[in-house]
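[1] I would like the atomic coordinates for the input below:
(chains A and B)
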There are 2 protein chains.
Amino acid sequence: MEIALIGIGKIALDQHVPAIAASPDWELAATVSRAGTVEGTPAFTDFDELLVTRPDIRVISLCLPPVPRFDYASKALAAGRHVMLEKPPGATLAECHALTELAKQNGVSLYATWHSREADKVADAKAWLASRVLRSLTVTWKEDVRRWHPGQDWIFEAGGLGVFDPGINALSIVTEILREEIHVRDATLVFPENRQAPIAAEVAFHHPQAQVQATLDFRQEGEQTWSIEAVTDTGTLLLTHGGARMFIDGVEQGASQDGLSGEYPRLYAKMAALVQRGGLDMDLRPMTHVADAFLLGRRETTAPFHF
Amino acid sequence: MEIALIGIGKIALDQHVPAIAASPDWELAATVSRAGTVEGTPAFTDFDELLVTRPDIRVISLCLPPVPRFDYASKALAAGRHVMLEKPPGATLAECHALTELAKQNGVSLYATWHSREADKVADAKAWLASRVLRSLTVTWKEDVRRWHPGQDWIFEAGGLGVFDPGINALSIVTEILREEIHVRDATLVFPENRQAPIAAEVAFHHPQAQVQATLDFRQEGEQTWSIEAVTDTGTLLLTHGGARMFIDGVEQGASQDGLSGEYPRLYAKMAALVQRGGLDMDLRPMTHVADAFLLGRRETTAPFHF
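    Numbers count the residues shown, from 1 in each chain, chains lettered A, B, ... in the order given. Got it, this is the predicted structure:
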């Protein structure tokens, strides 16, 4: 199937283009971007022109930042295209509801992707937890924003989510592996005094019986940590490297993975299956928890941040 | 039917108690509150005790502030009681989803009330707009927080919503009367430097063809304004007094109402009908727009606020 990729920035070049190139399902047929291009692929700068002149391209993958994404997604759905959304699926929950309705009205597929859910050990972690009683779950997501988002000022603008841009990846894993539903009970959001999005956050969740909490920080130099520890009645699970590695009571399970190379290929395989069977995959729970943290969270101010 | 009222504060005494007293459907059988009581009604201070000792009371109405509400609502639903929620229905969207599931599991009714939707002219406004093309809609919701929420510090705490506590009333009307769905496109939230919730806000919404915006302010002395103006292809609608009065092209429609006395009686009539037919009424759209405004909004800081 032919696919067009919209928004040729860092995430598109690092993940989407290689995943599409390696996929048996997809052929990258066009790109749309103000400046970015992919060698050997027809490059558009005007999305409307792509939709009109390339009716043969039935599937659109959107890698833009969340704020402008709705206009592109709604145009594509209204034009009868299937749509795949980078995370988060939009800048607001209500626009995600609107896209869901639009996809249904037009009989096309819509996929809110959560790449971290496709990390290598997430399915194993879910299976291990399924038969156990959770006592506590602790997310520790600490990375250096300068290293992973160099110069990406949009991430600290209103709607850019700040540290919840990576943090929502952790929440996409937590909501996938936990049997029970959680909700934000308490949150503290730390805003640099010159920025509109938090650089760090502490979030405590309500769970029927367990203590569930997340520590997110964008100021982590040196070792980077993306881990989830779940203590149960019969052992402790530790996911590290964003879900790529898993330990039970300290013993690594399965082969140690170097990176996250499986995530985006699995997203594109899922999109291919979704388009073929029809229907939607719009799990908004990770984004709901982020919106709830903003709604409920206490705000603290910290030192200005400059890239 | 017997009903228990939980949280005997200002809104309970001003609105709920008189509405229940005047209703042919309901009898106030008990109250639960740390300090508040209603003369002639058995008063509990412990909610668990009420649930255990008064199994005859099948319906619980919660008038607590939003943050503690979930614990009471989930206990009541788990104990097989029907539940009526003051607005907003919770402190987070995810907890409202959890309550919805819990009500379904227990086969009881759950009603997220939006009292302003029951203002006298809201149904007429919706009918008038149904056949017209909207050009613009402007919410102006300006009131004096010292007058309407004297000393209620919780409203400026994290999760208290600040000016969105009244503002959500406007959004509950807008989402009721508009044919099309809207979503927050841009927002500015003004926080007093000593408070955790905004004292004023400007919100712009996306609408398929119209300009939709809201101006909310808690610092309005003198004349109080709760109005919604909708300009259409064939005339202008103006709702004033929070939906109690309606003007078409400047001409008042129907009898001029003095106050909002119809709102809470209508909520209790709807709850009686909901319990009798079974099922849920949990429209979370007004709260979703507020969460989206917090998620997406730019923050500005203003002078400290003291009651």
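
[2] end to end, how far does stretch A:100-116 reach?
    Start and end residues of stretch A:100-116 are separated by 22 Å (Cα to Cα, to the nearest Å).

[3] what do you get for stretch A:281-290?
    End-to-end distance for stretch A:281-290, by Cα to Cα: 19 Å.

[4] rounded mean pLDDT for it, please.
    The predicted model gives stretch A:281-290 an average pLDDT of 98.

[5] got the residues of the stretch 101-250 of chain A near chain B?
    Within the stretch 101-250 of chain A, the positions near chain B by Cβ under 8 Å from any Cβ of the partner chain are A:101, A:158-159, A:161, A:181-184, A:187, A:191, A:196, A:206. C-beta here means a position set from N, CA and C on the backbone, and glycine is covered the same way.

[6] which residues touch A:Gly243?
    A:116-117, A:119-122, A:125, A:173, A:226, A:228 (Cβ atoms under 8 Å, 6 or more residues apart in numbering or on different chains).

[7] could you redo the last one with a cut-off of 6 Å?
    When contacts are counted by Cβ atoms under 6 Å, 6 or more residues apart in numbering or on different chains, A:Gly243 is found next to A:116, A:119, A:121-122, A:173.

[8] give me the buried subset of the residues of the stretch 101-250 of chain A next to chain B.
    Listed as buried from those are A:158-159, A:161, A:181-184, A:187, A:191, A:196, A:206; burial here means 16 or more other Cβ atoms under 10 Å in any protein chain shown.

[9] restricted to helices, list those.
    Secondary structure assignment (DSSP state H) places none of these within helices.

[10] turn these into a markdown table, including pLDDT.
    As requested, those are arranged in a markdown table below (pLDDT from 0 to 100):
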| residue | pLDDT |
| --- | --- |
| A:Ala158 | 94 |
| A:Gly159 | 91 |
| A:Leu161 | 95 |
| A:Glu181 | 96 |
| A:Ile182 | 98 |
| A:His183 | 98 |
| A:Val184 | 98 |
| A:Ala187 | 98 |
| A:Phe191 | 97 |
| A:Gln196 | 97 |
| A:His206 | 97 |
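
[11] secondary structure element for A:Val231?
    Remark: A:Val231 resides in strand A:225-232, with elements defined by DSSP states H and E.

[12] how about that strand as CSV, C-alpha atoms only?
    The C-alpha coordinates for strand A:225-232 follow below in CSV (Å, rounded to 0.1, in the frame of the first residue of the first chain):
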residue,chain,number,x,y,z
THR,A,225,16.3,6.3,32.8
TRP,A,226,13.0,5.0,31.3
SER,A,227,11.8,2.4,33.7
ILE,A,228,8.7,1.0,35.3
GLU,A,229,8.8,-1.1,38.4
ALA,A,230,5.8,-3.1,39.5
VAL,A,231,5.9,-4.8,42.9
THR,A,232,3.3,-7.6,43.2
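
[13] may I ask which two of the buried ones among the residues of the stretch 101-250 of chain A next to chain B are separated the most?
    Of all pairs drawn from these, the one with the longest distance (Cβ to Cβ) is A:Glu181 and A:Gln196, at 29.9 Å.

[14] can you list the low-confidence ranges for chain A?
    Across chain A, the stretches falling below the confidence threshold (pLDDT under 70) are A:256-260.

[15] my read is that A:Gly7 contacts A:Pro66, right?
    No: under the criterion of Cβ atoms under 6 Å, A:Gly7 makes no contact with A:Pro66, lying 10.9 Å away.

[16] who has more neighbours out of the two?
    Relative neighbour count places A:Pro66 above the other of A:Gly7 and A:Pro66, with 25 against 22, counting by other Cβ atoms under 10 Å in any protein chain shown.

[17] and the more buried one, what is it in contact with?
    A:88, A:90-91.

[18] what of A:Ala12?
    Listed by Cβ under 6 Å, 6+ apart, the contact partners of A:Ala12 are A:5, A:63.

[19] so it: helix, strand or coil?
    With DSSP: H, G, I helix; E, B strand; the rest coil as the basis, A:Ala12 sits in helix.

[20] before we move on, the earlier item: looking at the buried ones among the residues of the stretch 101-250 of chain A next to chain B, which are in strands?
    A:183-184, A:187, A:191, A:206 (DSSP state E).

[21] and which of the residues you listed is nearest to chain B?
    Using Cβ to the nearest Cβ, the shortest approach to chain B within these belongs to A:His183, at 3.5 Å.

[22] what's across from the closest one in the sheet?
    Beta bridges link A:His183 to A:His206, judged by DSSP bridges.

[23] dump the residue contacts of it.
    Counting by Cβ under 6 Å, 6+ apart, the residues that A:His183 touches are A:206, B:92, B:94-95, B:98.

[24] quick one: the residue in the stretch 201-307 of chain A that chain B sits nearest to from A:Ala204, how far?
    Nearest to chain B in the stretch 201-307 of chain A, going by Cβ to the nearest Cβ, is A:Asp292, at a distance of 3.7 Å. Using Cβ to Cβ, to the nearest Å, we find A:Asp292 at a distance of 12 Å from A:Ala204.
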